[in-house]
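In: Sharing a model that was predicted from the sequence below.
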Amino acid sequence: MAIHRNCEGLKRRDFLKAGAIGATGLTMANYLKMVEAGVVKKSGAKAAIFINLQGGPSHMDTFDLKPNAPKEFRGLFNPIATNVSGIEFCEHLPKLAKCADKFVILRGVTHTLGAHALGSEYVNTGTRPLPSIQLPGYGAVVTKEFPNPKDLPPFVAIPNSNQRPGFLGVKYAPLNTSTTPRAGQRFTVRGISLSNGLTVAEVEKRQNLLKDLDTAFQGYEKDSQLVDALDKFNQQAYAMITSRKARDAFDISKEKPAFAKQFGTTPFGLSCLLANRLVSSGVPFVTISLGGWDTHRNNFPSLKDKLLPTLDAGLSGLFNGLASRGLLDSTAVFVTGEFGRTPKINNRSNPGGRDHYPRCMFMLMAGGSVRGGQVVGKSNANATGPQNKGFSPADVAASFYHNLGIDHTKEYKSTTGRPIMIVRDGHVIPELFA
């Protein structure tokens with residue numbers, strides 16, 4: 001995958017069943033009543049896939065079109081109907097339009113961090129960046145909270161991730177594949193795939209030598225976080241290299257051609273296929289990165305000719321693939337960029353581009369207890385901001401953790417003993433699950 005650089009509701013009878021008549025909106029208390037009444041499912045996701053659209057995709061040219069806005073706002077693309085009545089997407093997302101019942105579009109998500117690095121850190125952790133401490137990303141938290149598989153990595157990044165372990169320490173860092181699958185090429189991951197004639201028996205001999213060295217230096221720097229992490233990584237590496245299950249989990253050539261076809265042949269599509277395979281093999285958390293969305297210039301040709309068809313094939317393949325294998329109910333999916341783009345088109349190129357715009361953006365969520373086939377939230381007439389209060393990335397993060405059964409208000413201790421909440425200012429969005 002090329003490296004891209006940036007410029008810097010509910011039915012009335014359900015309320016009756018839950019005893020929520022008279023509510024002007026769906027509160028968390030009402031949502032919990034509905035869970036108890038059996039109207040909605042309890043959170044049950046056991047794995048997660050996070051897709052990072054690096055650069056910040058335009059909300060107005062993807063999932064929040066405004067065909068009636070003035071021409072300097074509405075752009076060049078037309079809306080098309082989806083398989084859910086009343087929901088429309090961009091015309092260049094036809095495959096996603098056919099599976100809109102499988103995911104939720106969050107509109108009117110809003111924040112104030114218009115720089116790539118700060119916005120990316122916010123949406124990858126769920127908490128506004130703090131200058132005093134590096135916060136852990138979703139993958140690190142899930143790795144800490146979920147049981148780690150014995151012979152599989154708990155957190156895989158394809159090809160890498162903006163989610164860092166932060167103050168939790170490097171033992172919660174991801175395994176970066178450092179590359180993406182390519183059509184017609186064998187995909188290998190350094191540290192898992194055996195190469196240069198190396199055999200499992202030779203790996204075992206080397207492991208025994210390491211054990212002897214460990215005994216010789218036993219007790220050295222017992223309190224060192226780095227040494228602890230290296231010890232953990234050594235054990236994981238040995239387990240994965242000697243495990244056929246781990247090697248098979250990364251081997252997408254074992255997928256049936258008919259199943260793999262729906263993902264397309266782009267590196268992103270094949271990365272989605274790999275994520276599907278990893279989750280089905282038992283990996284708890286996978287991130288995928290798709291860059292190129294920093295469209296200050298030539299926004300419309302870039303979206304039409306490359307970005308949207310790539311996203312459309314890969315992401316629809318992921319949703320449909322998870323659903324066909326019965327994995328969507330147990331896999332939380334979260335898709336986001338770091339911000340949206342300016343509703344008003346600039347004149348830097350012909351036909352123009354859009355600039356950074358954190359005040360209004362979209363996010364997608366699916367799987368687990370999320371009820372697909374709906375739009376949650378709304379932007380105003382020209383998509384310059386949310387229609388009402390909107391949602392913050394912290395609210396979406398709290399909801400993502402809720403879908404995984406993780407209490408976002410739980411506190412961890414930093415290396416200095418400072419208590420830090422997983423998500424500091426977020427609130428679960430009940431409508432996602434109703």
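Out: In hand now; what should we look at?
In: how about Arg341, what does it touch?
Out: Listed by CB atoms under 8 Å, 6 or more residues apart in numbering, the contact set of Arg341 reads Gly56, Pro57, Ser58, His59, Met60, Thr295, Asn299, Arg354, Asp355, His356, Tyr357. C-beta: built from backbone N, CA, C; applies to glycine.
In: Excluding sequence neighbours, find me the nearest residue to it.
Out: Beyond its immediate neighbours in the sequence, the residue positioned closest to Arg341 (CB to CB, 6 or more residues apart in numbering) is Arg354, lying 3.5 Å away.
In: which residue ranges form the helices in the stretch 1-150 of the chain?
Out: Counting by DSSP state H, counting those that start in this stretch, residue ranges of the helices within the stretch 1-150 of the chain are 12-18, 28-37, 71-74, 94-97, 116-125, 138-145.
In: which residues sit against the last one?
Out: Residues lying outside helix 138-145 but in contact with it, judged by CB under 8 Å, 6+ apart, are 48, 50, 124-126, 136, 154-155, 157, 161, 163-166, 168, 172-174, 284-285, 287, 334, 397, 400-401, 404, 406, 412, 422.
In: Wait, Ala47 touches Val279, no?
Out: Yes. Judged on CB atoms under 8 Å, Ala47 makes contact with Val279 at a distance of 4.7 Å.
In: mean pLDDT for the helices of the stretch 1-150 of the chain: which is lowest?
Out: The minimum mean pLDDT among the helices of the stretch 1-150 of the chain belongs to helix 12-18 (a mean of 41).
In: neighbours of Lys413, just the number please.
Out: When counting by other CB atoms under 10 Å, one arrives at 11 neighbours for Lys413.
In: what pairs with it across the strands?
Out: Legend: beta-bridge partners of Lys413 under DSSP bridges are Pro419.
In: isn't Val156 right up against Gly282?
Out: No. Here Val156 does not reach Gly282: they are 11.3 Å apart, not a contact under CB under 8 Å.
In: which one of the contacts of Arg341 sits closest to Ser324?
Out: Comparing the contacts of Arg341 against Ser324 with CB to CB picks out Pro57 as the nearest, at 26.6 Å.
In: quick one: the closest one from Glu338, how far?
Out: Between Pro57 and Glu338 the distance, using CB to CB, to the nearest Å, works out to 10 Å.
In: Equivalent analysis for Thr110, please.
Out: 13 Å.
In: Which neighbours do those two have in common?
Out: Counting by CB under 8 Å, 6+ apart, the shared contacts of Thr110 and Glu338 are Pro358.
In: quick one: low-confidence parts of the stretch 151-300 of the chain?
Out: Residue ranges of the stretch 151-300 of the chain with pLDDT under 70: 191-242.
In: And the strands in it, which stretches?
Out: Taking DSSP state E, counting those that start in this stretch to define them, one finds strands in the stretch 151-300 of the chain at 155-158, 175-176, 285-290.
In: Including distance to Ser85 and mean neighbour count, could the ones you listed go into a markdown table?
Out: Supplementary listing: these in a markdown table, determined by distance: least, CB to CB, whole Å; neighbours: other CB atoms under 10 Å:
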| stretch | distance to Ser85 | mean neighbour count |
| --- | --- | --- |
| strand 155-158 | 35 | 27 |
| strand 175-176 | 42 | 20 |
| strand 285-290 | 29 | 26 |
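In: just so I know, which of these lies nearest Pro67?
Out: Put simply, out of the strands of the stretch 151-300 of the chain the one that sits nearest Pro67 is strand 285-290, at 26.1 Å, with distance taken as CB to CB.
In: Let me see the contact set for Lys102.
Out: Applying CB under 8 Å, 6+ apart, one finds that Lys102 lies in contact with Phe319, Asn320, Ala323, Leu328, Ala366, Gly372, Gly373.
In: one more time with 6 Å, if that's ok
Out: Phe319, Ala323, Ala366, Gly372 (CB atoms under 6 Å, 6 or more residues apart in numbering).
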